[in-house]
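Enquirer: sequence first, then the predicted structure:
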Amino acid sequence: MAKFNFPSPYSVLYVIIILSALATWLLPAGSFDSLSYNGDIDRFMIEGSQSISVEATQETLDSLGLNMDLEKFKEGKIRRPISIPNTYKEVESSPQGLKAILFAPIKGIYESIDIILFVLIIGGFIGVFQFSGSMDKGIAVLSQNMEGREKWLIVITVCLIAAGGTTFGLQEETLAFYPILLPIFLAAGYDRLVTVAAIYCGSCIGYMGATINPFSTIIASDAAGVNWTVGFNSRLIMLLVGIAIVCVYIVRYAEKVKRDPSQSLVGFSEEKVEKSKERASLNTVNRFILILFMLTFLVMIYGVSQLGWWFEEMTALFLAGAILLGVVQRAKEKAFVKAFVQGAQDLLGVSLIIGIARGITIVMNDGNISGTLLNEAADLVGNTSGLVFLPVLMLIFFVMTLFIASTSGLALVSMPIMGALGNMVGIPNEEIVNAFLFGSGLMMFITPSGVILPSLTMVNVPYNVWLKFVGKLLGILGLVGAGILVLGYLL
């Protein structure tokens, strides 16, 4: 009997697109009315069976059951439409057929072009950097200096990326780090799985314990009608405990693999970096190139966190960085272009995966079943006790994130509905926000519609292997998250 080979990420995503289309035939179509603010005329627009305009006042929000501050809309902090509680209704069914399945990845690529271009330019940037030879020398020096202390590379990586995740939502941007950290971890004696674990788990735990992330914590808090600083302590505890758990979990696996390579879930390939017996050193040009390389990432982090940069600005930064690296190493024009194009080509598959994954959301939205799923979830927790409500709600957000991978999008759709239910059973709104963060952050570890499949492709780790590796970690973090929610409610 032939051995079963787990399908590629492309096939996994296309199967999910087909299943999502099938769900639009099986589930009733439905939606909630939505409210948005039109600053040009200073009025609220309500979209439902018909479109109406109402006064933009606090009284309007209160009458609709939206426990939110009017100024959040007028200051532009809430820009996307939000769901209005108790307005769910079934709408005309819009089942998605073969044409929708065929067009979904194409539409997804169109909608994801900003991320796709960002990834391709990063690939070119990395290609030019590798062409200089400074990367190989830098890795050799680092591995020699860290000999005997390699596990601290894991701890440092997890902590730094979790810090980015908890503050400004660092995740898609981590795709730039894989080509750099992979050879470093290989040189340390670890396998490819350790690289994706340290980077991706760090970003996910940052999302679970998102203390001040404007794209999840602040948007969710505003949509739930509570100041984002309330509930901060629970999120901080989740962050710190989560980081400790993730670091111990990854280090135990990494050290086991280092002692006995046969314990690796992915094996060691020809990519393994052999340590040179000769002492490596860096010349002046190498040092300058490495400094420029690191400065590019520091500028990116500063721009995103402080200047409001997004993919257009980040893409331009890496393009400029590639050109500057080429100038410093005095690369000839043809050699520079070849290195840049080859680097971009190496990440072409990753770019396609990002676009195909977006197609899942497109099929569900066009089929009008996202509102149905939200309504069923609300009914599920509506009659539970306070102590049961929060863990179950965290589980619901865990499942909902599978269908709506955008944290800001899920927050604006679900927070007003779940906040209203929480008020009925006496649950503080800040705990509703924390349940959302813990549940959605937990699903990010595995959701195919998120960034995990592109990340795995960067280091050539199969999705089924990742699920096997991360399964126990999800169980541990889920129990910790539920415990923190219950303690936050009781205290």
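Expert: Sure, I can see it. Since the structure is predicted, the reported quantities are computational estimates derived from the model, not experimental observations.

Enquirer: most centrally placed residue in this structure?
Expert: With distances taken as CA atoms, centre = their mean, Gln171 lies nearest the centre of the chain, 4.7 Å away.

Enquirer: contacting residues for that residue?
Expert: Contacts for Gln171 were tallied using CB atoms under 8 Å, 6 or more residues apart in numbering; they are Gly165, Ser203, Cys204, Tyr207, Met444, Gly450, Val451. Any C-beta I mention is one placed from the backbone N, CA and C, and that applies to glycine too.

Enquirer: before we move on, what about Ser51?
Expert: Contacts of Ser51 by CB under 8 Å, 6+ apart are Met45.

Enquirer: before we move on, what about Pro28?
Expert: Glu90, Ser93, Ile369, Thr372.

Enquirer: most neighbours, which of the residues you listed?
Expert: With neighbours taken as other CB atoms under 10 Å, the top of these is Ile369, carrying 26 neighbours.

Enquirer: mind listing what that residue touches?
Expert: Contacts for Ile369 (CB under 8 Å, 6+ apart) come out as Ala23, Thr24, Leu27, Pro28, Ala29, Gly30.

Enquirer: hmm, which of those are the buried ones?
Expert: Ala23, Thr24, Leu27, Ala29, Gly30 (16 or more other CB atoms under 10 Å).

Enquirer: inside strands: which ones of those?
Expert: Among the buried ones among the contacts of Ile369, the members falling in strands (DSSP state E) are Gly30.

Enquirer: now, which of the contacts of Pro28 sits nearest Leu120?
Expert: Within the contacts of Pro28, proximity to Leu120 (CB to CB) peaks at Ile369, which comes in at 32.8 Å.

Enquirer: so the closest one versus Lys89, what's the distance?
Expert: For Ile369, the distance to Lys89 equals 14 Å [CB to CB, to the nearest Å].

Enquirer: shared neighbours, those two?
Expert: Common neighbours of Ile369 and Lys89 (CB under 8 Å, 6+ apart) are Gly30.

Enquirer: so which residues of the stretch 51-200 of the chain form helices?
Expert: 58-63, 70-74, 98-111, 113-131, 134-145, 151-168, 178-187, 192-208 (DSSP state H, counting those that start in this stretch).

Enquirer: report how many residues lie close to Leu292.
Expert: For Leu292, using other CB under 10 Å, the count is 18.

Enquirer: host element of it?
Expert: helix 284-306 (DSSP states H and E).

Enquirer: got the contact list for whichever helix or strand comes after that helix?
Expert: Once the chain leaves helix 284-306, the next helix or strand it forms, by DSSP H and E, is helix 311-328. With CB under 8 Å, 6+ apart as the test, helix 311-328 has contacts from 114-115, 117-118, 121-122, 124-125, 128-129, 132, 173, 176, 285, 288-289, 292-293, 296, 299-300, 303-304, 307, 309, 336, 339-340.

Enquirer: give me the buried entries from those residues.
Expert: The buried subset of the contacts of helix 311-328 - by 16+ other CB under 10 Å - is 115, 117-118, 121-122, 124-125, 128-129, 132, 173, 176, 289, 292-293, 296, 299-300, 304, 309, 336, 339-340.

Enquirer: any chance you could give me stretch 99-114 in PDB, C-alpha atoms only?
Expert: Output of stretch 99-114 as PDB, limited to C-alpha atoms (Å, rounded to 0.1, in the frame of the first residue of the first chain):
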ATOM      1  CA  LYS A  99     -17.700  29.600 -10.600                       C
ATOM      2  CA  ALA A 100     -17.300  31.000  -7.100                       C
ATOM      3  CA  ILE A 101     -14.900  28.200  -6.200                       C
ATOM      4  CA  LEU A 102     -12.800  28.900  -9.300                       C
ATOM      5  CA  PHE A 103     -12.700  32.700  -8.800                       C
ATOM      6  CA  ALA A 104     -12.200  32.600  -5.000                       C
ATOM      7  CA  PRO A 105      -8.300  32.400  -5.100                       C
ATOM      8  CA  ILE A 106      -8.200  34.900  -8.000                       C
ATOM      9  CA  LYS A 107     -10.200  37.400  -6.000                       C
ATOM     10  CA  GLY A 108      -8.200  36.600  -3.000                       C
ATOM     11  CA  ILE A 109      -5.000  37.400  -4.800                       C
ATOM     12  CA  TYR A 110      -6.500  40.700  -6.000                       C
ATOM     13  CA  GLU A 111      -7.500  41.600  -2.400                       C
ATOM     14  CA  SER A 112      -4.200  40.500  -0.900                       C
ATOM     15  CA  ILE A 113      -1.900  42.200  -3.500                       C
ATOM     16  CA  ASP A 114      -0.500  44.500  -0.900                       C
END
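
Enquirer: return the set of buried residues in that stretch.
Expert: Buried residues in stretch 99-114 (16+ other CB under 10 Å): Ala100, Ile101, Phe103, Ala104, Pro105, Lys107, Gly108, Ile109, Ser112.

Enquirer: Ala339 versus Leu437, what's the distance?
Expert: Leu437 is 41 Å from Ala339, by CB to CB.

Enquirer: okay, now the unreliable bits of the protein?
Expert: Within the chain, the stretches with pLDDT under 70 are 1-6, 77, 135-147, 168, 268-282, 304-305, 424.

Enquirer: how far does stretch 84-91 sit from its chain's centre?
Expert: 29 Å (CA atoms, centre = their mean, to the nearest Å).

Enquirer: er, stretch 19-31 I mean
Expert: With CA atoms, centre = their mean, you get 25 Å for stretch 19-31.

Enquirer: Leu442: what's it in contact with?
Expert: Cys204, Met208, Met394, Phe398, Leu474, Leu477, Gly478, Gly481.

Enquirer: next, format those residues as JSON lines and append distance to Pro428.
Expert: Listed next are the contacts of Leu442 as JSON lines, based on distance: CB to CB, whole Å:
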{"residue": "Cys204", "distance to Pro428": "25"}
{"residue": "Met208", "distance to Pro428": "19"}
{"residue": "Met394", "distance to Pro428": "15"}
{"residue": "Phe398", "distance to Pro428": "21"}
{"residue": "Leu474", "distance to Pro428": "26"}
{"residue": "Leu477", "distance to Pro428": "23"}
{"residue": "Gly478", "distance to Pro428": "21"}
{"residue": "Gly481", "distance to Pro428": "17"}
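
Enquirer: alright, I will stop here.
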